[in-house]
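*Asks:* sequence and predicted structure below; questions after.
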Amino acid sequence: MKYFGYKIVRFIILMIAVAIFSFVLLDLSPIDPVSAYLKGAAVSEAQRQILEQYFGTNVPLPTKIYHWLLDLIQGNLGTSLIYRAPVIDVIIQKFSASFVLMAISWIFSGIIGFALGVVAGKNKGSWIDKAVKVYCYAIQSAPSFWVGMLVLMVFSVYLGWFPIGFGVPIGVKSTDATFMEWVARLVLPTLTLSIVGVAPIAMYTRNELTQVLSTDYVLFAKSRGEKGWDLVKNHGIRNILLPAITLQFLSFSELFGGAVMVEQVFSYPGIGQTAVAAGLQNDVPLFLGIVLISAIFVFVGNLLADISYYFIDPRIKENEFND
């Protein structure tokens with residue numbers, strides 16, 4: 001209880017800081033919610049003053065922050081200027097689509113990246129090790145949107161195996177789309193995020209395993225006759241699994257950022273594409289709501305990494321959770 005109480009306090013402080021900092025930055029920016037709402041429409045000065053009062057643009061910054069935090073505590077994130085709907089409803093709808101994309105990509109990239117790292121670390125200096133390193137270096141230096149466009153050109157334009165984009169076929173409501181139509185449009189964005197996410201975990205696992213295999217206790221195990229995959233399984237994976245899981249959970253922030261780019265490339269109707277639209281169309285309430293959701297998403301990733309320690313390393317169970 002003490003441990004989780006500490007985490008809850010940190011979460012509250014984090015959300016307050018993110019909310020205030022984001023609000024101040026947007027208030028200092030040239031974005032004008034009234035102009036964004038009107039979209040160039042001609043209105044009288046009296047009507048404009050009514051809109052300014054509604055959006056709170058004519059009040060001091062401390063007052064704005066106070067009302068913003070008060071509404072936030074009540075669960076009111078305002079109304080989206082783009083969708084003309086409550087921000088919380090828009091975020092729930094869009095984030096549910098992105099969550100499926102990010103969850104599948106996160107699982108695949110973690111499993112494949114860990115497996116590649118183990119194979120490369122066990123065969124250090126071989127052609128397998130060199131191939132994995134070349135792949136990881138190339139992917140890490142390539143922007144996610146570029147990888148997405150490459151995947152799109154190969155599998156959609158040239159081969160024609162998958163649709164070019166969107167979450168459902170054009171002219172079909174999301175509620176009317178079949179499961180296979182939805183899956184077909186999910187494959188390429190998931191593949192892109194998985195390809196990009198494999199590199200960090202693979203290189204980290206490979207480097208950790210090579211260090212473990214050069215330690216004294218592993219050399220002692222070799223002298224007793226242990227070798228091959230038995231040696232890696234008994235003395236390697238056990239020591240690299242915990243930091244690998246930690247790194248994978250900490251990649252939530254990069255996963256969210258990659259989803260923003262990938263959803264733009266494939267026109268996937270998720271939270272990433274919505275964030276770009278909110279920024280380009282000056283939808284301040286929606287943009288602030290997405291910032292808060294992204295902060296919660298990253299915090300949850302870090303919290304899950306901490307909780308996973310409890311089930312993987314009994315020493316942490318005894319020391320960190322009970323102290």
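*Replies:* Yep, that arrived.
*Asks:* for the rest of this, base every contact and every neighbour count on C-alpha atoms.
*Replies:* OK.
*Asks:* and the residue most central in space within the chain, what element?
*Replies:* The residue lying closest to the centre of the chain (CA atoms, centre = their mean) is residue 256, at 2.1 Å. Assessed by DSSP states H and E, residue 256 sits inside helix 252-266.
*Asks:* other SSEs contacting that helix?
*Replies:* helix 87-122, helix 144-152, helix 187-213, helix 271-280, helix 284-312 (3 or more CA pairs under 8 Å, 6 or more residues apart in numbering; DSSP states H and E).
*Asks:* contact partners of that helix?
*Replies:* Helix 252-266 is contacted from outside by 98, 102, 106, 144-145, 148-149, 152, 164-166, 189, 192-193, 197, 268-273, 275-276, 294, 297-298, 301, using CA atoms under 8 Å, 6 or more residues apart in numbering.
*Asks:* hang on, the earlier thing: tell me which of the helices and strands packed on helix 252-266 sits nearest to residue 239.
*Replies:* helix 187-213 (7.5 Å; CA to CA).
*Asks:* what is the mean pLDDT for that closest one?
*Replies:* Averaged across helix 187-213, the pLDDT comes to 82.
*Asks:* quick one: that helix to helix 252-266, angle?
*Replies:* Here helix 187-213 runs at an angle of 150 degrees relative to helix 252-266 (axes from the mean of the first three to the mean of the last three CA atoms, to 10 degrees).
*Asks:* who are the packing partners of helix 187-213?
*Replies:* Short answer (3+ CA pairs under 8 Å, 6+ apart): helix 187-213 packs on helix 87-122, helix 127-140, helix 144-152, helix 237-250, helix 252-266.
*Asks:* tell me the gap between that helix and the middle of its chain.
*Replies:* With CA atoms, centre = their mean, to the nearest Å as the basis, helix 187-213 stands 16 Å off its chain's centre.
*Asks:* wait, residue 124 touches residue 209, no?
*Replies:* No. Look at residue 124 against residue 209 with CA atoms under 8 Å: they stay out of range, at 9.6 Å.
*Asks:* out of those two, which sits in the busier spot?
*Replies:* Remark: of residue 124 and residue 209, residue 209 carries more neighbours, 25 against 16, as counted by other CA atoms under 10 Å.
*Asks:* distance of that one relative to residue 72?
*Replies:* 46 Å (CA to CA, to the nearest Å).
*Asks:* mind checking how far residue 208 is from residue 107?
*Replies:* Residue 208 is 20 Å from residue 107, by CA to CA.
*Asks:* what about the two, which has more around it?
*Replies:* residue 208 (21 against 14).
*Asks:* need the contact list for the more buried one.
*Replies:* 121, 240.
*Asks:* still on that earlier bit, would you turn the helices and strands packed on helix 252-266 into CSV with distance to residue 263?
*Replies:* Formatted as CSV, the helices and strands packed on helix 252-266 follow (distance: least, CA to CA, whole Å):
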stretch, distance to residue 263
helix 87-122, 9
helix 144-152, 9
helix 187-213, 7
helix 271-280, 6
helix 284-312, 15
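*Asks:* what's the closest of these to residue 134?
*Replies:* Judging the helices and strands packed on helix 252-266 by CA to CA, what sits closest to residue 134 is helix 187-213, at 9.9 Å.
*Asks:* show the average pLDDT along the helix holding residue 256.
*Replies:* Per-residue pLDDT over helix 252-266 has a mean of 77.
*Asks:* got it, and stretch 14-33?
*Replies:* 75.
*Asks:* and that stretch, how far out from the chain's middle?
*Replies:* On CA atoms, centre = their mean, the centre of stretch 14-33 falls 21 Å from the chain's centre.
*Asks:* equivalent analysis for stretch 86-99, please.
*Replies:* For stretch 86-99, the distance to the chain centre is 14 Å (CA atoms, centre = their mean).
*Asks:* list the buried residues in it.
*Replies:* Residues of stretch 86-99 classed as buried by neighbour count (16 or more other CA atoms under 10 Å): 86-88, 90-91, 94-95, 97-98.
*Asks:* nearest to residue 64, of those residues?
*Replies:* Lowest distance from residue 64 to the buried residues of stretch 86-99 (CA to CA) belongs to residue 87, with 17.9 Å.
*Asks:* surely that closest one is in contact with residue 79?
*Replies:* Yes. Using CA under 8 Å, residue 87 makes contact with residue 79 at a distance of 5.2 Å.
*Asks:* where do the contact lists of the two overlap?
*Replies:* 285-286.
*Asks:* rounded mean pLDDT for stretch 99-110, please.
*Replies:* 84.
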